[in-house]
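A.B. asks: show me how the following folds:
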Amino acid sequence: MYICPVCNGLYDYVKNCSLCGGKMELLDRVENYYDDYSPYLSYQLTDLNDGDSANICSHYCICPFCGNKEVVKIRNIEE
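C.D. replies: Below is the predicted model:
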(Lines give C-alpha, C1' and ligand atoms only; values in the text may rest on other atoms or scores of the structure.)
Protein backbone atom coordinates (compact mmCIF):
# COMPACT_ATOMS: atom_id res chain seq x y z
CA MET A 1 0.00 0.00 0.00
CA TYR A 2 1.20 3.50 -0.82
CA ILE A 3 0.79 6.58 1.38
CA CYS A 4 1.29 10.24 0.57
CA PRO A 5 4.07 11.72 2.72
CA VAL A 6 2.43 15.16 2.57
CA CYS A 7 -1.08 13.96 3.51
CA ASN A 8 0.42 11.99 6.40
CA GLY A 9 2.62 14.83 7.67
CA LEU A 10 5.92 13.06 7.03
CA TYR A 11 7.42 16.11 5.33
CA ASP A 12 6.53 19.62 4.19
CA TYR A 13 6.47 20.25 0.46
CA VAL A 14 7.75 23.64 -0.68
CA LYS A 15 6.81 24.96 -4.13
CA ASN A 16 7.67 28.34 -5.57
CA CYS A 17 5.21 30.07 -7.88
CA SER A 18 6.07 29.80 -11.55
CA LEU A 19 4.76 33.35 -12.16
CA CYS A 20 6.06 35.49 -9.29
CA GLY A 21 8.47 33.18 -7.44
CA GLY A 22 6.61 33.45 -4.11
CA LYS A 23 6.20 30.49 -1.78
CA MET A 24 2.96 28.71 -2.64
CA GLU A 25 0.53 27.29 -0.07
CA LEU A 26 -0.06 23.57 -0.44
CA LEU A 27 -3.75 22.76 -0.25
CA ASP A 28 -5.54 19.44 0.01
CA ARG A 29 -5.71 16.54 -2.44
CA VAL A 30 -7.35 17.33 -5.78
CA GLU A 31 -9.87 14.53 -5.19
CA ASN A 32 -11.15 16.27 -2.06
CA TYR A 33 -12.51 19.13 -4.18
CA TYR A 34 -14.76 16.99 -6.41
CA ASP A 35 -17.88 17.53 -4.28
CA ASP A 36 -19.03 17.96 -0.67
CA TYR A 37 -18.64 14.27 0.18
CA SER A 38 -15.34 13.41 -1.50
CA PRO A 39 -13.14 14.36 1.50
CA TYR A 40 -14.92 11.64 3.49
CA LEU A 41 -14.36 8.86 0.93
CA SER A 42 -11.49 6.40 1.23
CA TYR A 43 -8.30 7.12 -0.67
CA GLN A 44 -8.58 3.75 -2.42
CA LEU A 45 -11.93 4.77 -3.87
CA THR A 46 -11.00 8.28 -4.97
CA ASP A 47 -7.67 7.08 -6.40
CA LEU A 48 -9.61 5.00 -8.92
CA ASN A 49 -11.09 8.20 -10.37
CA ASP A 50 -8.10 10.56 -10.50
CA GLY A 51 -6.25 9.04 -13.46
CA ASP A 52 -2.89 9.02 -11.66
CA SER A 53 -0.89 5.89 -10.96
CA ALA A 54 -1.04 4.32 -7.49
CA ASN A 55 2.17 6.02 -6.37
CA ILE A 56 1.06 9.62 -7.12
CA CYS A 57 -1.02 11.99 -4.98
CA SER A 58 -2.05 15.25 -6.67
CA HIS A 59 -2.39 18.39 -4.54
CA TYR A 60 -3.53 21.91 -5.32
CA CYS A 61 -1.15 24.80 -4.63
CA ILE A 62 -2.10 28.47 -4.59
CA CYS A 63 0.14 31.51 -4.49
CA PRO A 64 -0.99 34.01 -1.83
CA PHE A 65 0.79 36.83 -3.67
CA CYS A 66 -0.49 36.56 -7.25
CA GLY A 67 -3.30 33.99 -6.99
CA ASN A 68 -1.70 31.49 -9.37
CA LYS A 69 -3.05 27.95 -8.94
CA GLU A 70 -1.09 24.82 -9.81
CA VAL A 71 -1.38 21.08 -9.30
CA VAL A 72 1.66 19.24 -7.96
CA LYS A 73 2.09 15.51 -8.09
CA ILE A 74 3.64 14.04 -4.96
CA ARG A 75 5.29 10.63 -5.21
CA ASN A 76 3.82 8.30 -2.60
CA ILE A 77 5.97 6.01 -0.51
CA GLU A 78 5.35 2.35 0.16
CA GLU A 79 4.15 1.62 3.65
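
A.B. asks: moving C-terminal from the helix or strand bottoming out on mean pLDDT in the chain, which element do we reach first?
C.D. replies: Confidence across the helices and strands of the chain bottoms out at helix 43-47, with a mean of 65, counting by mean pLDDT, DSSP states H and E. Next in sequence after helix 43-47, counting helices and strands by DSSP states H and E, comes strand 56-62.

A.B. asks: which helix or which strand is home to the residue located most distally from the centre of the chain?
C.D. replies: Computed with CA atoms, centre = their mean, the residue of the chain farthest from its C-alpha average is Cys20, at 20.8 Å. Assigned by DSSP H and E, Cys20 belongs to no helix or strand.

A.B. asks: so what's the nearest residue to it once chain neighbours are set aside up against?
C.D. replies: Once flanking residues are discounted, Cys20 sits nearest to Cys66: 4.5 Å by CB to CB, 6 or more residues apart in numbering. Just so you know, the C-beta spots here come from the backbone N, C-alpha and C atoms, and that holds for glycine as well. Cys66 makes contact with 17, 19-20, 22 under the criterion CB atoms under 8 Å, 6 or more residues apart in numbering.

A.B. asks: check what pLDDT the residue minimising distance to the centre of the chain gets.
C.D. replies: The chain has His59 as the residue nearest its centroid, 1.6 Å off, counting by CA atoms, centre = their mean. His59 is assigned 92 on the pLDDT scale.

A.B. asks: just to check, Cys63 is in contact with Cys20?
C.D. replies: Yes. At 6.4 Å, Cys63 counts as touching Cys20 under the criterion of CB atoms under 8 Å.

A.B. asks: quick one: common contacting residues for the two?
C.D. replies: Going by CB under 8 Å, 6+ apart, no residue sits against Cys63 while also sitting against Cys20.

A.B. asks: which pair in the contacts of Cys66 has the greatest spatial separation?
C.D. replies: Leu19 and Gly22 (8.5 Å; CB to CB).

A.B. asks: need the residues touching each of these two.
C.D. replies: Contacts common to Leu19 and Gly22, judged by CB under 8 Å, 6+ apart, are 63, 66.

A.B. asks: and for the closest residue to Asn55 other than its chain neighbours, the neighbour number?
C.D. replies: Leaving aside its sequence neighbours, Asn55 sits nearest to Asn76 (CB to CB, 6+ apart; 4.6 Å). Per other CB atoms under 10 Å, the neighbour tally for Asn76 reads 22.
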